[in-house]
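[1] Here's my sequence, what's the structure:
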Amino acid sequence: MRRNRILGIPYDTITLNEGLELVEGFVRTGETRIVVHLSIVSLMRARRDKNLRIFLEESDLIVPSGRLLYWAAKFLRRPLKEFIDPSLFVKLLMTQSAELGKRVYLLGGKNDTIDKAYQSLKKDIPKLFVVGKHRGNFERGSLENVVKAIGKASPEYFFIGLGSPAEELWIERNIGKINAGIIVLIEGLFNLYAGKVGKHRKFTMDPASGWISRREIPHPRAFKKLWLVPVFFLEAVVERLFWKH
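    Numbers count the residues shown, from 1 in each chain. Below you'll find the model as predicted:
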């Protein structure tokens, strides 16, 4: 695995299969590891937020997500091996957890989103072993109970989707209490799995390649952050002109 940078923010250059193999290796160590997806939104925010930048630096796997990051890495002559769609990668991690017989905990989404996401995921991955789930917009007074419940469940895979930077901050404050193995930050993907944003991605099982995707889904926050695109593009051009190897 090679770690590179875009606009000073780190990312890992891997293929989809390499990412899955790395996470499986993390699971076998029994240690707590953090997997994050780097979007343009989180990248640009990390440039202004020191704490978020440090969180990324200390993460064990940083998976770039989005076509613009794929383009930028190539434009800056630090190309990615392949484009990795976050919704596919996360779903494959859940499939991996089922194949390994590991416990899963889901935290995120608003109101009934997590329940609908769970139903959809169980339909696609019948052997998914979810030992607990909780919506993300819980009352502040119930935080301690939520943390205790996760800690008691001791999931090997913990998927958290509170949006950035809320989920990074949540992990920083509670990582020592939740007894989780692989912590995967997924931002708004529970909305996708619940069918509340765009359309469900359709999957089929191919004996040779495993899960394959038929339809691409836009990032749930893509249209709300369009103003970041020209800024990101301009800064990438400046870095290309002045960055020295």
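[2] Which residue ranges of this structure form strands?
    2-6, 9-13, 33-38, 61-64, 104-108, 130-134, 157-161, 182-185, 203-206, 210-213 (DSSP state E).
[3] Kindly reformat those as CSV containing mean pLDDT, distance to residue 53 and mean neighbour count.
    The C-beta positions use only the backbone N, C-alpha and C, and glycine is treated the same way. Output for the strands of the chain, formatted as CSV (pLDDT from 0 to 100; distance: least, C-beta to C-beta, whole Å; neighbours: other C-beta atoms under 10 Å):
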stretch, mean pLDDT, distance to residue 53, mean neighbour count
strand 2-6, 89, 11, 15
strand 9-13, 94, 7, 21
strand 33-38, 96, 11, 23
strand 61-64, 96, 12, 24
strand 104-108, 97, 23, 26
strand 130-134, 97, 28, 18
strand 157-161, 97, 19, 26
strand 182-185, 98, 15, 25
strand 203-206, 38, 34, 11
strand 210-213, 36, 31, 14
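[4] Take the ones you listed and write them to TSV, including distance to residue 19.
    TSV is the format used below for the strands of the chain (distance: least, C-beta to C-beta, whole Å):
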stretch	distance to residue 19
strand 2-6	13
strand 9-13	8
strand 33-38	8
strand 61-64	6
strand 104-108	18
strand 130-134	22
strand 157-161	14
strand 182-185	11
strand 203-206	17
strand 210-213	13
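[5] In contact with the residue positioned nearest the centre of the chain: list those residues for me.
    For the chain, the residue nearest the mean C-alpha position is residue 186 (3.4 Å; C-alpha atoms, centre = their mean). By C-beta atoms under 8 Å, 6 or more residues apart in numbering, the contact set of residue 186 is 37, 86, 90, 108, 159-161.
[6] Of all the strands of the chain, which one comes closest to residue 44?
    Distance to residue 44, taken as C-beta to C-beta, is lowest for strand 9-13 among the strands of the chain, at 8.6 Å.
[7] Remind me what that closest one packs against, helices and strands.
    strand 2-6, helix 40-48, helix 50-57, strand 61-64, helix 67-75 (3 or more C-beta pairs under 8 Å, 6 or more residues apart in numbering; DSSP states H and E).
[8] hey, which of these is tucked in deepest?
    strand 61-64 (a mean of 24; mean count of other C-beta atoms under 10 Å).
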